[in-house]
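predicted model and sequence follow; I will ask about them next.
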Amino acid sequence: MLVLSSPSGAGKTTISRELLRLEGNLMMSVSTTTRPMRPGETEGVDYNFADEVTFQKLVDDGGMLEHAQVFDNFYGTPRAPVEDALAKGADVLFDIDWQGTQQLAADKATGDDLVSVFILPPSTEELESRLHRRAQDSDEVVRQRMSKAADEMSHYQEYTYIIVNEVIDQSVERVRAILAAERAKRTRQVGLHDFVQNLRGAE
Ligand code: 5GP
C-alpha cells in the first residue's frame, strides 16, 4: 500500500499518473468524494462522485477503508477494490491526505503494509503558481488551498519518505526507487522460504 500525500498543487497527481504508466502490478485506489466534478475529470476514473447521504451510508456500512473531511467535502477509500487488488498480489497507490494516512497507519490490518511518501513543493511561490496555472479552481478556492497547504505540510513528520518535487521526472524516479526497495524487503516476498530451501537443495 503506497500512499502519496501533499498539499494540492505539489505535483502529486502528475507523479501518480506517471507511476501507473511506468509500473506493472500497480493499481490506483479510486476514492469516493462529495465534491463537485472538475472539468476534465471522469466518474470512476478520477473519483467516484457521490452525494453526502450515499457517502455516509458507505461509511456506516463499513465500506470505507478510511475517510476524512478535506476542505468542505468528504473523501474516502472504498474498501473492496483495495482488498481485492491486494489479495491478487497487486500493489495499490493511494492519493489521500494526512488524515487518511493516519487512519491506515493506525489500523492493524493495514499499518504494517503501508509505505508513506510526502511530496513537498520546491517553494511557496511555485505552489501558488501551480494552483493558478491549473486554473480549475476559482481564486477564492486557490486562496483557501494555499492557507490549507501550511496545515497539510505540518504533517510531513508522519511520513516515512519525503520528496521535494522540483523536477517531475526525478520525483517519479525517486518514488519508483522507494517502490523497488519496498518490494525487495524480505518480509514482503511471498514464498521466499520454499524458494531458498529449493536453492539449497533441501529435502
Ligand atoms: P482534490 O479535491 O484536490 O482532488 O483533493 C483534495 C485532497 O483530498 C487531496 O489532498 C487528496 O489527497 C485528498 N483525498 C483524495 N481522496 C481521498 C481519500 O479517499 N481519503 C482521504 N483521506 N483524502 C483524500
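Great, that's in hand.

which single residue of the chain ends up nearest the ligand?
Gly100 (2.6 Å; CB to the nearest ligand atom). Yep, even glycine has a C-beta here, placed from its N, CA and C like the rest.

how long is stretch 156-176 end to end?
20 Å (CA to CA, to the nearest Å).

what ranges do the strands span in the chain?
Along the chain, counting by DSSP state E, strands occupy 2-5, 26-28, 32-33, 48-49, 64-70, 73-78, 91-95, 115-120, 161-164.

okay, buried residues for the longest one please.
Think strand 64-70. 64-68, 70 (16 or more other CB atoms under 10 Å).

re the thing from before, ranking the strands of the chain by burial, who's on top?
strand 2-5 (a mean of 24; mean count of other CB atoms under 10 Å).

quick check: mean pLDDT of it?
Averaged across strand 2-5, pLDDT comes to 98.

next one: stretch 84-96
96.

where does the chain have low pLDDT?
In the predicted model of the chain, residues 135-137, 203 satisfy pLDDT under 70.

got the contact list for Val172?
15, 18-19, 22 (CB atoms under 8 Å, 6 or more residues apart in numbering).

from Ser138, how far off is it?
30 Å (CB to CB, to the nearest Å).

repeat that for His193.
Applying CB to CB to His193 and Ser138 gives a distance of 57 Å.

repeat that for Gly100.
Gly100 is 25 Å from Ser138, by CB to CB.

those two: which has the busier surroundings?
Gly100 (23 against 9; other CB atoms under 10 Å).

what parts of the chain come near the ligand?
8, 31, 35, 66, 68, 70, 75-77, 95-97, 99-100 (CB under 6 Å from any ligand atom).

what's the burial count for Glu173?
So Glu173, with other CB under 10 Å, has 13 neighbours.

residues near the closest residue to Glu152 other than its chain neighbours, how many?
Excluding the flanking residues, the one nearest Glu152 by CB to CB, 6 or more residues apart in numbering is Pro7, at 4.3 Å. Pro7 has 22 neighbours, counted by other CB under 10 Å.

picking that back up, would you turn the strands of the chain into CSV with distance to Gln56?
As requested, the strands of the chain are exported to CSV (distance: least, CB to CB, whole Å):
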stretch, distance to Gln56
strand 2-5, 24
strand 26-28, 24
strand 32-33, 11
strand 48-49, 14
strand 64-70, 10
strand 73-78, 8
strand 91-95, 21
strand 115-120, 27
strand 161-164, 33
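
separation between Arg183 and Ala90?
Arg183 is 12 Å from Ala90, by CB to CB.

wait, isn't Ser29 in contact with Ala90?
No. Applying CB atoms under 8 Å, one finds Ser29 not in contact with Ala90, separated by 10.8 Å.

between those two, who's got more neighbours?
Ser29 (19 against 14).
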